[in-house]
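Asker: below is the structure, and that's it, no one-letter string:
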DNA sequence: CGCGGCTTTGATGTTCATCAAGTAAAGTGG
DNA sequence: CCACTTTACTTGATGAACATCAAAGCCGCG
């Protein structure tokens, strides 16, 4: 999971017989390259390298604040973040949870000048930050790259929209089952995991009250669908949870 | 509102002194051009013309059926359509209502091979259909065009997502107020309008039951916020509706 | 150690879906 | 065009699902 995209290697001097080497950047090895940057030439990768930097955030830190100007293109390299809209007094609404290689700035990067949502780390995270103008320039110049970016962007929006539709139709038990399976299957790839969010945040994510999140957790524990100890959750009966998620 | 994008003008023969004219296509005059196709050269516009056709649908007709392969890029030239996911027995869920110049195929055009939602005309509509491969080719070749398409696409997704978030937080009265103002301000630009959808469809759009849509309509009429006669609605007290929409 | 935030459970009331039943409107076949 | 059927609309009554309020234990942190 660790990767290091930030260092350049310069030769301080070189013998006559040697051409001046191009700047070598570890972006060439970055896993992210395989996601969308495949279509970029070596030179283009180098250009990105020049304008990019990594930034790390600890759990709980704000990465983007609603209203901030969009001048950079962000993707998540490590950790877990939440996208959310702030509301009055703890009434935030979580739009999405993003994991490594997601474009976290994607809503509105290309459609607005300012963020209309916030981003915060829900686990220690590092974000790769690229000048938006560089990305735009590259989109203009490299058509394959443009298509690939559109694909990723479109996928992310689709996912959010369809998530929302699905959740709206379920009632509380269904939503809890859904979110438990989401963490287990799509984030941690494990039946046992530590919830990275508070009960309250779960409530904000699936649109219900904190009390009811807890109540249904307890209910599921009573029915031996899950076991809970603090933040640690183990899925005991995934089939039943799937049925509950699908139905109700 | 009327426009005609479909006819080519060919000269059947031309004198020696005249160069063979390029195909002239009325796309050059199409309003849509100003929306995104500004950045295309005359030749590129011609290419689009060659691969495109218009198709009209009467109110109620299906335009796209869930599961269908995506091979074309659609935009709405005239009318009103609904994007929706089919559910069991009238339990459809309406995702969005699109108006002229919206990209109606936008969710998933670039991220999937098959539609995962349906489109139907809720008013007599005409759709301009362009080969998706032609659009993709143009995105690859013309960077400015690519950026413009991304912008439009991103705007549309953003709108849907934020709509959803807003609606989720409101209770029934707030949703009805919201949707009434939506039709008045964003679709018909008029305080009096004919609802293009049934009460049931409104319920599917803002996620409630048909009975409650009717109940709250009646309530609003009783309180002199609106007047209703059949499908015709007049907004009498927009300020109050705005307040109701904002609050609850 | 004490304060504030997170968690938990119970009691209560509101909001909303469901059921039922009837009227109006719109489409259908003779 | 009329009887007929179906679909849309409307209102009321009931109960289920859920939010809100209240109270107490827990945990981490300055």
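Answerer: Structure received. All figures in this text were calculated on a predicted structure; none of them were measured in a lab. Numbering: from 1, shown residues only, chains lettered A, B, ... in the order given.
Asker: by mean pLDDT, flag the weakest helix or strand of chain A.
Answerer: Taking mean pLDDT, DSSP states H and E as the measure, chain A has strand A:8-9 as its least confident helix or strand, at a mean of 40.
Asker: which residues of chain A lie near DNA strand D?
Answerer: Applying Cβ under 7 Å from any atom of the strand, we find that chain A lies next to DNA strand D at A:171, A:172, A:173, A:207, A:208, A:209, A:211, A:212. Heads up, the C-betas are built off the backbone N, CA and C, glycines and all.
Asker: give me the buried entries from these.
Answerer: A:172, A:173, A:207, A:208, A:212 (16 or more other Cβ atoms under 10 Å in any protein chain shown).
Asker: please report the distance of the last one from residue A:202.
Answerer: Distance, residue A:212 to residue A:202, using Cβ to Cβ, to the nearest Å: 10 Å.
Asker: for the fourth one, same thing?
Answerer: In this structure, residue A:208 and residue A:202 are separated by 8 Å, where distance is defined by Cβ to Cβ.
Asker: distance of residue A:118 from residue A:141?
Answerer: For residue A:118, the distance to residue A:141 - Cβ to Cβ - is 32 Å.
Asker: list the contacts for the spatially most central residue of chain A?
Answerer: Centrality entry for chain A: nearest residue to the mean C-alpha point is residue A:98, 2.1 Å, by Cα atoms, centre = their mean. Residues near residue A:98 by Cβ atoms under 8 Å, 6 or more residues apart in numbering or on different chains: A:76, A:80, A:81, A:82, A:83, A:104.
Asker: near chain B, from those residues?
Answerer: For chain B, no contacts are drawn from the contacts of residue A:98 by Cβ under 8 Å from any Cβ of the partner chain.
Asker: by pLDDT, give me the weakest of those.
Answerer: Within the contacts of residue A:98, residue A:104 has the lowest pLDDT, namely 81.
Asker: hmm, back to that, could you identify the most distant pair in the buried ones among the residues of chain A next to DNA strand D?
Answerer: A:173 and A:207 (13.8 Å; Cβ to Cβ).
Asker: sorry, back to before: who's more crowded, residue A:118 and residue A:141?
Answerer: Remark: of residue A:118 and residue A:141, residue A:118 carries more neighbours, 19 against 14, as counted by other Cβ atoms under 10 Å in any protein chain shown.
Asker: the nearest residue to the more buried one once chain neighbours are set aside: neighbouring residues, count only.
Answerer: Closest residue to residue A:118 apart from its sequence neighbours, by Cβ to Cβ, 6 or more residues apart in numbering or on different chains: residue A:66 at 4.6 Å. Here the count is done by other Cβ under 10 Å, and residue A:66 has 14 residues near it.
Asker: from DNA strand C, how far out is residue A:66?
Answerer: To DNA strand C, residue A:66 is 19 Å away according to Cβ to the nearest atom of the strand, to the nearest Å.
Asker: next one: phi and psi at that residue?
Answerer: phi -40, psi 130 (degrees, to the nearest 10).
Asker: equivalent analysis for the one 5 residues further on, please.
Answerer: In this entry, residue A:71 is assigned phi and psi values of phi -130, psi 0 (degrees, to the nearest 10).
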